[in-house]
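Student: Have a look; sequence and predicted model below, questions after that.
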There are 2 protein chains.
Amino acid sequence: MEYTINKLAKLAGISTRTLRYYDELGLLSPARISSNGYRIYGQKEVDRLQQILFYRELGVPLQKIKNILAAEDFDAQAALESHLSALLAKRKQLDLLIANVEKTIKAARGEVIMSDQEKFKGFLQKLVDDNERQYGKEARAKYGDESVDSSNAKVLNMSKEQYSELEKLTAELNETLKVAFEQGDPASELAQKACELHKKWLCFFWNEYSKEAHIGVTQMYVDDPRFTAYYDKIAVGCAAFLRDAVKIYCK
Amino acid sequence: MEYTINKLAKLAGISTRTLRYYDELGLLSPARISSNGYRIYGQKEVDRLQQILFYRELGVPLQKIKNILAAEDFDAQAALESHLSALLAKRKQLDLLIANVEKTIKAARGEVIMSDQEKFKGFLQKLVDDNERQYGKEARAKYGDESVDSSNAKVLNMSKEQYSELEKLTAELNETLKVAFEQGDPASELAQKACELHKKWLCFFWNEYSKEAHIGVTQMYVDDPRFTAYYDKIAVGCAAFLRDAVKIYCK
DNA sequence: TTAAACCATTACGTAACGTCAATGTCAACT
DNA sequence: AGTTGACATTGACGTTACGTAATGGTTTAA
């Protein structure tokens, strides 16, 4: 079957400008030019255009598509398989976003509470996306640590970057708190700095910070044995020390 | 919680450039500017950004997003519901595309044969409804993608207030048209008033009105059995009558 | 205190087309 | 035979939504 530019455009649901542009780029040249100068596309071009649109749908730049299709070791069959898995991944992400909207609706009704982090779940994040695609399975096999990290980050609904920032902050908080505790004065400058770090740390999980809540949560550290155990691992009595320091900090 | 530009960008998975650009457009201004000139974003801005990204995900131009959010009768709840249905539609389309790839793989193996038409299934941003898909496609081909797409977006984001006004207008249009039709003269004052009401009615869906488009759409009422049926329910021959009246109205 | 990390503005660059404008070609009516 | 209207061509400039310096002030960590 042969197609003029308009026929092909309508078939594929794109504009004639797009086809001329693809010709200009050398991405999709017509099979031949008829005597009157019209572009005539054939079967091969139809199939190539389909390939191009698959890639375009996945956000691959046209120049890159050109390179991919031009590569001598290009395997159409393998490409299709990879399209398939990419599209399935895209659907997964879309499901995330749908869940996000559903939850946002509930949150607006006051039925649930949403963290700021959650609010941006499901939007395509370029960095994560790129990393995943570039390294894929190989990186995962190589770096065991990172896979643990990213799974943690997933639980907390954070990006890897955010998670590592949290880890850094946690370490700093613990260190500061330890030294301040050894000095023994909840009003000391260092203890107050620990409070500030703790506030920052809390803000990773909270949308709205308030002094009352800050005091409340540190009191809970003392009352709830699970939290007490965590903070007392730094030093016995540390949970109570933090509570006292925060009381001063929030005064 | 307050965020600097970098914090918010990381939270939302976008670039700081994007946030500055949105500020420049007046689409998302910071809550305040700190003494050192830094942009500071608050809770309200976080939520607004989420809204913006929902729209952006659906391909709505930033200027349009701005208008939508600025509309005094903007209904956040209704907008979320419309996001949801739009995303579900997108997932349906994605499923189509996935089916396309799967079939293409089979076709490459020689297991099935694919028509050229089938090869481009799933790429178009078609309407969800099966019935509407066919007519939507026709309208697209005839009157351009933009007017159809934007009319959909407009319908989806209509507030209850707007909707009831539309209903009222529809009733008035139908009544006027009916009486004018019974009088039989497309040039009559009443028929011309019907045209004006019809124009008003169209402007509920169109961003830009033109005489050509007005004539075009009434011609479509005659050509398209679905629309003909609708207008002929008022009175047989009514679709053609409206077209004739509009031709005079736009002259 | 000195580097690193962030912030600002200004301004030019870009991808993937959209949108004229000017002109040529072709099939179909009148 | 002439006109109309749909469709084709090649420029060439416009647009959207940012990316990417360049240049310089500010805050934080070592």
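Tutor: Alright, I've got the coordinates.

Student: And the residue of chain A that's closest to DNA strand D?
Tutor: residue A:6 (2.8 Å; Cβ to the nearest atom of the strand). Using the backbone N, CA and C atoms, a C-beta is placed for each residue, glycine as well.

Student: That residue is in what secondary structure piece?
Tutor: Counting by DSSP states H and E, the element that carries residue A:6 is helix A:5-12.

Student: I'd like to know how many residues surround residue A:80.
Tutor: Using other Cβ atoms under 10 Å in any protein chain shown, residue A:80 is surrounded by 18 other residues.

Student: Check the secondary structure at it for me.
Tutor: At residue A:80 the chain is in helix, as set by DSSP: H, G, I helix; E, B strand; the rest coil.

Student: For it, which non-adjacent residue is closest in space?
Tutor: Excluding its sequence neighbours, the residue lying closest to residue A:80 (Cβ to Cβ, 6 or more residues apart in numbering or on different chains) is residue B:105, at 4.9 Å.

Student: sorry, back to before: now for the residue of chain A closest to DNA strand D: which residues touch it?
Tutor: residue A:16 (Cβ atoms under 8 Å, 6 or more residues apart in numbering or on different chains).

Student: do the very next helix or strand once past the helix holding residue A:6 and chain B meet?
Tutor: Next along the chain after helix A:5-12, taking DSSP H and E as the criterion, comes helix A:16-25. No: using Cβ under 8 Å from any Cβ of the partner chain, helix A:16-25 stays clear of chain B, coming no nearer than 11.9 Å.

Student: Report the separation between residue A:244 and chain B.
Tutor: 25 Å (Cβ to the nearest Cβ, to the nearest Å).

Student: Please apply the same query to residue A:91.
Tutor: For residue A:91, the distance to chain B - Cβ to the nearest Cβ - is 5 Å.

Student: Would you mind naming the helix or strand containing the closest residue to that residue other than its chain neighbours?
Tutor: Nearest residue to residue A:91, sequence neighbours excluded (Cβ to Cβ, 6+ apart): residue B:94, at 5.3 Å. Counting by DSSP H and E, the element that carries residue B:94 is helix B:76-108.

Student: about what we covered before: the helix holding residue A:6 to helix A:16-25, inter-axis angle?
Tutor: Computed by axes from the mean of the first three to the mean of the last three Cα atoms, to 10 degrees, the angle separating helix A:5-12 from helix A:16-25 equals 110 degrees.

Student: My guess is residue A:114 contacts residue A:107. True?
Tutor: Yes: shown here, residue A:114 and residue A:107 form a contact pair, counting by Cβ atoms under 8 Å, at 4.4 Å.

Student: shared neighbours of these two, which are they?
Tutor: Counting by Cβ under 8 Å, 6+ apart, nothing touches both residue A:114 and residue A:107.

Student: Could you pull up phi and psi at residue A:34?
Tutor: phi -70, psi 170 (degrees, to the nearest 10).

Student: Kindly report the same for residue A:117.
Tutor: phi -60, psi -50.

Student: So what's the residue count around it?
Tutor: 17.

Student: Wait, it touches residue B:11, no?
Tutor: Yes: between residue A:117 and residue B:11 there is a contact at 6.7 Å, judged by Cβ under 8 Å.

Student: what's the neighbour count on residue A:102?
Tutor: The number of residues packed near residue A:102 is 14, by other Cβ under 10 Å.

Student: who's in contact with it?
Tutor: Contacts of residue A:102 by Cβ under 8 Å, 6+ apart are residue B:84.

Student: per-residue pLDDT, it?
Tutor: pLDDT, residue A:102: 90.

Student: Roughly how far does it sit from residue A:84?
Tutor: 27 Å (Cβ to Cβ, to the nearest Å).

Student: I'm done for today, thanks for sticking with me.
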